[in-house]
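[1] kindly return the folded structure for what I paste below:
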Amino acid sequence: MAVQAPLPAGTILIVDSEALGCSGAVFRVDPSTGEAALFALGGELLGGTDIAVESGGGILVTKDRHFPGTGSLLRLDPKTGDQSEVSSGGKFSAPLGVAVEAGGSVLVADGSAGGFGAVIRVDRTTGGQTVLSQGDGAAADPPVRAVGLCVAPDGSVLVVEQNMIGGEDLSSRVVRVHPVTGARTTVTSGGELRSPTGVVVDAAGHILVSDANAFPGSGGGVIKVDPVTGAQTTVSCGGGFVAPGAIAIEADGSLLVTDSAPGGSGRILFRVDPVTGAQKVLASGGQFTFLTGVAVVR
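    Numbering: from 1, shown residues only. Next up is the predicted model:
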């Protein structure tokens, strides 16, 4: 299982929160063949919620507190898959998303920190935690909570928030957070957004959101959001989607979307054409159990 060479650029990494007898795992997927291989297993990976890759190759995984242990941020060695803890406890309550800033600091979207969720900045070396932006979901019942995030090319932080995980609510939204002041601005809300789960930004600056319950009757989909006006357009819906989860973007702009809906055609990694919305199954079944995060090695 040990990997002795750096992961090639373009390699796809997936965190599976319950793989192989509820041990939790990270899989590596060949972007050409879709062949999946085990990269790391067990340890603290049970309950893994998201994954990101650092510029130096380190692999970061967030873990939810509702599984054994406490909410935490892990780092996997990119050659061996060995696990080490970057940060745990403290301000973490339910870490659900992770992203890396240009300077190397790590951002974690926590769905419950401070009572209404927060974006927490973590020092990649010391593990020190600082709240960058506190959620303001107190007005909703239940509150709107952060579930995923990414860093835009200008350094701003884009956060997807929903008020029920796996439910449906028209107050779900995309929020832009200033990377210095933490000031929050709603980019878009409502519309087709019901249970947004992941967010990325393409080369043109468009915001792309995966949503498990968008487009009622169509099994969720991917929505493009204009970063200035907040206007929403459909990228892909229906087809093989049951409940799209995590989303990542490849170097050529193709989208990677996980789908782990129980009882459906779940446990799938789709590649989605960002122009036509065409869906292609890249990897599925096998040892996959519940895919919660996807990232691409640069």
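[2] quick one: buried residues of stretch 74-94?
    Judged by neighbour count using 16 or more other Cβ atoms under 10 Å, the buried positions of stretch 74-94 are 74-76, 78, 81, 83, 86-88, 90-94. For every residue, glycine as well, the C-beta is placed using N, CA and C.
[3] for that stretch, the averaged confidence score.
    The average pLDDT within stretch 74-94 is 95.
[4] so how far is that stretch off the chain centroid?
    16 Å (Cα atoms, centre = their mean, to the nearest Å).
[5] and that stretch, how far apart are its ends?
    Stretch 74-94 stretches 14 Å from its first residue to its last (Cα to Cα, to the nearest Å).
[6] check stretch 194-204 too.
    Termini of stretch 194-204 sit 25 Å apart (Cα to Cα).
[7] just the pLDDT at Pro6, thanks.
    For Pro6, the predicted pLDDT is 81.
[8] and it, what does it touch?
    Pro6 sits next to 57, 78-79 when contact means Cβ atoms under 8 Å, 6 or more residues apart in numbering.
[9] which one of the residues you listed is nearest to Glu250?
    Relative to Glu250, the closest of the contacts of Pro6 is Gly57; by Cβ to Cβ it sits at 17.5 Å.
[10] any idea how far Pro6 is from the closest one?
    Here the criterion is Cβ to Cβ, to the nearest Å. By it, Gly57 lies 6 Å from Pro6.
[11] what do those two both touch?
    Both Gly57 and Pro6 are contacted by Pro78, under the criterion Cβ under 8 Å, 6+ apart.
[12] thinking again about what came up before, which ones among the buried residues of stretch 74-94 lie within strands?
    Using DSSP state E, the subset of those located in strands is 74-76, 83, 86-88.
[13] reformat the residues you listed as a markdown table; add distance to Val199.
    Output for these, formatted as a markdown table (distance: Cβ to Cβ, whole Å):
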| residue | distance to Val199 |
| --- | --- |
| Leu74 | 22 |
| Arg75 | 23 |
| Leu76 | 23 |
| Gln83 | 26 |
| Val86 | 22 |
| Ser87 | 22 |
| Ser88 | 25 |
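[14] can you pull the buried residues of stretch 24-37?
    For stretch 24-37, burial by neighbour count (16+ other Cβ under 10 Å) applies to 24-29, 31, 36.
[15] tell me the pLDDT at Ala231?
    98.
[16] how far does stretch 131-148 stretch from start to finish?
    Stretch 131-148 end-to-end distance (Cα to Cα) = 16 Å.
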